[in-house]
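S.K.: build me a model:
(3 chains)
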Amino acid sequence: MTRPAPLPVADLAQLHDKLLDWFARTARDLPWRRNASPWAVMVSEFMLQQTPVSRVLPVYKAWVQRWPTPAALAAESPGEAVRAWGRLGYPRRALRLHAAATAIVDRHGGEVPSSLEDLLALPGVGAYTAAAVSSFAFGGREAVLDTNVRRVFARVVRGEQFPPDSVTSAERDLASGLLPVRDAHRWAAATMELGALICTARSPRCDACPVADLCRWRAAGYPAYDGPVRRGQAWHGTDRQCRGRLMAVLREAPGPVPKSALDAAWADAVQRERALDGLVADGLVDPLPDDTYSLPR
DNA sequence: GAGGCGTGGTG
DNA sequence: TCACCAAGCCT
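M.R.: Residues are numbered from 1 along each chain as shown, chains lettered A, B, ... in the order given. Below you'll find the predicted structure:
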């Protein structure tokens, strides 16, 4: 695998200046960017994992109003967190955010920790979220590698349409090497914003791109992605769809539901039982002694 | 490391 | 229409 030549220092300086300037002029006014507390930033990052901004906005606002601190969330049942998660998807995130709040109260006196190590030790916090909270909540200088940043760097620096399937050490090294000495947290937000709004996966708006003149993918004539075929996520008829139906029944009920209510949500009994067992194993559903089911208490 | 895990907007 | 895609994490 040949590596692209490193970006000349002059080009790197231009990249920094142009992108930071573009971001300063055009950044979206998102609530978690408006002097939000570290906890609010963490809530937004959990919600934004694999979920678009537009769908996160209303749920985020309700959450930070209802649970303005880790202690406030930790004082509730995990089931309330799952219910308030609504239709954001991946409800295990709600469970993990609740567990993270509890850990923050237990281990950090109720204050979101600022070190990468402490953040990574929290449930539901991986490499991306730890770096994002460090950067956006505390102004830390960390390489923030999300799907947007990876695509931007693949194109602008490596000259390729898409990054590899999973994060490589080469990508981490590249991202670290590109970090500006100052304003690294703005750089992180700017590269994410460029990927989200301009350098998009399907139809990039190169005419509006502030660094189009530096982009190696553009200079190379937009060569098509040359790598393994990426598998789409199956959905119709899968256990995931079934789990979603069962969770919807539980979310919408005010309390425990009879087994019959779950049975009515999915026809295939074998698959339904398997999915329900999985939800119980995940801690998303509590089977009660009277043969009813509820969100975890 | 590959696969499982929700949901809805979009080209 | 219907795959594809979206600020990943965990096992």
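S.K.: what number of residues lie near the spatially closest residue to A:Ala208 that is not a sequence neighbour?
M.R.: With sequence-adjacent residues excluded and distances taken as C-beta to C-beta, 6 or more residues apart in numbering, A:Ala208 is closest to A:Ile198, at 5.6 Å. C-beta coordinates here come from the backbone N, C-alpha and C atoms, glycine included. A:Ile198 has 20 neighbours, counted by other C-beta atoms under 10 Å.
S.K.: pretty sure A:Ile198 sits against A:Arg205.
M.R.: Yes. If you go by C-beta atoms under 8 Å, A:Ile198 and A:Arg205 touch, sitting 5.1 Å apart.
S.K.: for DNA strand B, see how far away the residue nearest to A:Ala208 is.
M.R.: Applying C-beta to the nearest atom of the strand, to the nearest Å, the value for A:Ile198 to DNA strand B is 13 Å.
S.K.: residues in contact with that residue?
M.R.: A:204-206, A:208-210 (C-beta atoms under 8 Å, 6 or more residues apart in numbering).
S.K.: try A:Asp282
M.R.: Going by C-beta under 8 Å, 6+ apart, A:Asp282 touches A:92, A:95.
S.K.: how much space separates it from A:Gln50?
M.R.: Using C-beta to C-beta, to the nearest Å, A:Asp282 is found at 17 Å from A:Gln50.
S.K.: SS state for whichever residue of the stretch 151-297 of chain A sits closest to DNA strand C?
M.R.: In the stretch 151-297 of chain A, no residue comes nearer to DNA strand C than A:Gly232, which is 2.6 Å away by C-beta to the nearest atom of the strand. At A:Gly232, secondary structure determined by DSSP: H, G, I helix; E, B strand; the rest coil is coil.
S.K.: what's the local residue count around it?
M.R.: Around A:Gly232 there are 6 other residues, counting by other C-beta under 10 Å.
S.K.: return the residues of chain A in contact with DNA strand C.
M.R.: Residues of chain A found near DNA strand C (C-beta under 7 Å from any atom of the strand) are A:30, A:32-33, A:44-45, A:48-53, A:89-90, A:96, A:123-130, A:132, A:146-148, A:151, A:192-193, A:195-196, A:200-202, A:230, A:232-233, A:235.
S.K.: with adjacent residues omitted, what lies nearest to the residue most central in space within chain A?
M.R.: Central residue of chain A (C-alpha atoms, centre = their mean): A:Gln49, 1.8 Å from the mean position. Leaving aside its sequence neighbours, A:Gln49 sits nearest to A:Arg93 (C-beta to C-beta, 6+ apart; 6.2 Å).
S.K.: by contact count, what packs against the helix or strand where the one you found lies?
M.R.: Secondary structure from DSSP states H and E places A:Arg93 in helix A:92-108. Under the contact criterion of 3 or more C-beta pairs under 8 Å, 6 or more residues apart in numbering; DSSP states H and E, helix A:92-108 touches helix A:38-48, helix A:70-74, helix A:78-85.
S.K.: which of those is buried the deepest?
M.R.: Sort the helices and strands packed on helix A:92-108 by mean neighbour count, taking mean count of other C-beta atoms under 10 Å, and helix A:38-48 sits at the top with a mean of 23.
S.K.: so what's the gap between that one and the chain middle?
M.R.: Mean-position distance between helix A:38-48 and its chain equals 9 Å (C-alpha atoms, centre = their mean, to the nearest Å).
S.K.: what is the rounded mean pLDDT of it?
M.R.: The average pLDDT within helix A:38-48 is 98.
S.K.: okay, now the unreliable bits of the stretch 1-150 of chain A?
M.R.: Under the criterion pLDDT under 70, the flagged ranges of the stretch 1-150 of chain A are A:1-3.
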